[in-house]
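Participant: Just the structure for this:
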Amino acid sequence: MIRRPFGRNYAFVVAGVTFLALLAAAGLRAAPGVLILPLEKSFGWDRGTISLAAAIGIFLYGLTGPFAAALMQSFGVRRTVALSLVLMAVSTGLSAFMTESWHYVATWGVLAGFGSGAVAMVLGATIVNRWFVERRGLMLGLLTAATATGSLIFLPAMAFIAEHGGWRPVVLTVAAVAAIMAPIAWLLIPERPADIGHKPFGAGDDWVEPPRGSASNALAGAFGALARAGKTRTFWLLFLGFFICGLTTNGLIGVHMIAFCGDRGMPEVRAAGLLALMGFFDLFGTTASGWLTDRYDPRKLLFVYYALRGLSLIYLPYSDFSIVSLSVFAVFYGLDWIATVPPTARLATQAFGDRDGPIVFGWIAAGHQLGAATAAVGAGLIRAAQGQYVQAFVLAGVAGLIAAGASLLIRREVKAMAAV
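Facilitator: Presented below is the predicted three-dimensional model:
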């Protein structure tokens, strides 16, 4: 047993390193939005093809989640995260040598999708459930905000690099960041608090560590949790809400907002700055959402978040697209970007328990990325067919209103289901 400094407060060190790893994965997932225009200019690939690679990456990013959550319980968090970061570095680094569109699909779509899927929302949920008893909502809000902070740091810089150096320096930058984070995660994230002689932050003397899974049952654990959760209405309502959440955020705005602004005559760097502004305000919005989730009914919070998001998406295509109106939209939308995560994770844990909860949340997060992939390729096809994005944004806004209504149908309390 190797003891670490700070006692039980070492949980905040683990959370900090996890934040940085999530930040690196967020930079990778944000990069396709910057790469659309440079790849069009360099290779002459159409927007539908480029969007397909982004959609595959987003989909696999989500599909990997529940298996990654089960693997973290059996194979280990530290091993899973370190190996995933290495895969992210290798796949994006290899893309520097691509010459055909299928190379882009294979590296940024398939390999990077699998790699980044383990360094995602399920990682935050697993770390919070394992290292914290108190302040879970607040800490999950902070870790979730890492995706916004990743966009804040990376997008303007990547857009500047792409504008002055093309697409290749962008992919090499992303690869370097992932490669640096791999050994940091390996060295500073112990497997569990007990491995360094501590209990989770806020745990009482009567706290008992949940049973550990074996390395052979990760697949069975993932599908077993899905089978138990799939029998409940709560799971499907949360899945629907998160499908629409992904459709209205990183699938539509994250992938196509820069190109949408380009269609309206806005330079790429300025458009990336708007996304970064969203990321900056989402850092506050998601953290505040975690604080609110500790105090208020998560269902009502989800209703407000989805309803406001839907209305703002319907408004955007009909705005005057001035820097003032876009800045107001960016601030408003940023506060709401992924504020849905803390209440959704709380509802999943309440319904399915501390053991199944993170795995079930992984399946719900897979719905998030399925929705994002749908928007990424769907909006690209609408743009290719109609020459504009208006219909894509209006449809996404209507979907947001549907998610708001579905949130109120979730039962207030669901008895946690025991593992079989």
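Participant: count of residues packed around the closest residue to residue 388 other than its chain neighbours?
Facilitator: Take residue 388 and drop its neighbours on the chain: the residue closest to it by C-beta to C-beta, 6 or more residues apart in numbering is residue 263, 6.9 Å away. C-betas here are computed from N, CA, C, even on glycine. Residues near residue 263, counting by other C-beta atoms under 10 Å, number 13.
Participant: Residue 263 and residue 321, how far apart?
Facilitator: 10 Å (C-beta to C-beta, to the nearest Å).
Participant: Equivalent analysis for residue 260, please.
Facilitator: Relative to residue 321, residue 260 is positioned 9 Å away (C-beta to C-beta).
Participant: The two: which has the busier surroundings?
Facilitator: Remark: of residue 260 and residue 321, residue 260 carries more neighbours, 23 against 16, as counted by other C-beta under 10 Å.
Participant: Tell me which helix or strand that one sits in.
Facilitator: According to DSSP states H and E, residue 260 maps onto helix 253-263.
Participant: What's the first helix or strand after that helix?
Facilitator: Taking DSSP H and E, what comes next after helix 253-263 is helix 268-293.
Participant: So which other helices or strands are in contact with that following helix?
Facilitator: In this structure, helix 268-293 makes packing contacts with helix 10-43, helix 136-165, helix 253-263, helix 298-315, helix 323-336, helix 341-386, judged by 3 or more C-beta pairs under 8 Å, 6 or more residues apart in numbering; DSSP states H and E.
Participant: now do 6 Å
Facilitator: Secondary-structure packing of helix 268-293 (3 or more C-beta pairs under 6 Å, 6 or more residues apart in numbering; DSSP states H and E): helix 136-165, helix 253-263, helix 323-336, helix 341-386.
Participant: so for that helix, what's the average pLDDT?
Facilitator: Mean pLDDT, helix 268-293: 82.
Participant: what do you get for stretch 328-346?
Facilitator: pLDDT averaged over stretch 328-346 gives 84.
Participant: now swap in stretch 48-55 and tell me
Facilitator: 80.
Participant: cool, and stretch 14-21?
Facilitator: 92.
Participant: got it, and stretch 378-388?
Facilitator: Rounded mean pLDDT across stretch 378-388 is 86.
Participant: can you check stretch 300-311 too?
Facilitator: On average, stretch 300-311 scores 93.
Participant: Now do that stretch: everything it contacts.
Facilitator: 248, 292, 336, 339-340, 343, 397, 400-401, 403-404, 407-408 (C-beta atoms under 6 Å, 6 or more residues apart in numbering).
Participant: Which of these are buried, as a ChimeraX select command?
Facilitator: To isolate the buried members of those in ChimeraX, using 16 or more other C-beta atoms under 10 Å:
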select :248,292,336,339,340,343,397,400,401,403,404,407
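Participant: nearest to residue 195, of the contacts of stretch 300-311?
Facilitator: residue 343 (30.9 Å; C-beta to C-beta).
Participant: isn't residue 399 right up against residue 246?
Facilitator: No - the pair residue 399 / residue 246 is not scored as a contact, 10.5 Å apart, by C-beta atoms under 6 Å.
Participant: Output the contacts of stretch 300-311 as a markdown table; include the columns distance to residue 14.
Facilitator: Output for the contacts of stretch 300-311, formatted as a markdown table (distance: C-beta to C-beta, whole Å):
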| residue | distance to residue 14 |
| --- | --- |
| 248 | 31 |
| 292 | 24 |
| 336 | 28 |
| 339 | 24 |
| 340 | 24 |
| 343 | 23 |
| 397 | 38 |
| 400 | 34 |
| 401 | 39 |
| 403 | 32 |
| 404 | 35 |
| 407 | 31 |
| 408 | 36 |
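Participant: quick one, what contacts residue 269?
Facilitator: By C-beta under 6 Å, 6+ apart, the neighbours of residue 269 are 159-160, 163.
Participant: how near is residue 150 to residue 177?
Facilitator: Applying C-beta to C-beta, the value for residue 150 to residue 177 is 9 Å.
Participant: what ranges do the strands span in the stretch 101-250 of the chain?
Facilitator: Remark: no strands are assigned in the stretch 101-250 of the chain by DSSP state E, counting those that start in this stretch.
Participant: How about residue 61: what's its closest non-neighbour residue?
Facilitator: residue 117 (4.5 Å).
Participant: Might one say that that neighbour is in contact with residue 66?
Facilitator: No - counting by C-beta under 6 Å, residue 117 does not reach residue 66; the two are 9.5 Å apart.
Participant: Looking at those two, which is more packed in?
Facilitator: A direct count of neighbours by other C-beta under 10 Å for residue 117 and residue 66 places residue 117 higher, at 32 against 26.
Participant: who touches that one in this structure?
Facilitator: Counting by C-beta under 6 Å, 6+ apart, residue 117 makes contact with 61, 64-65, 68.
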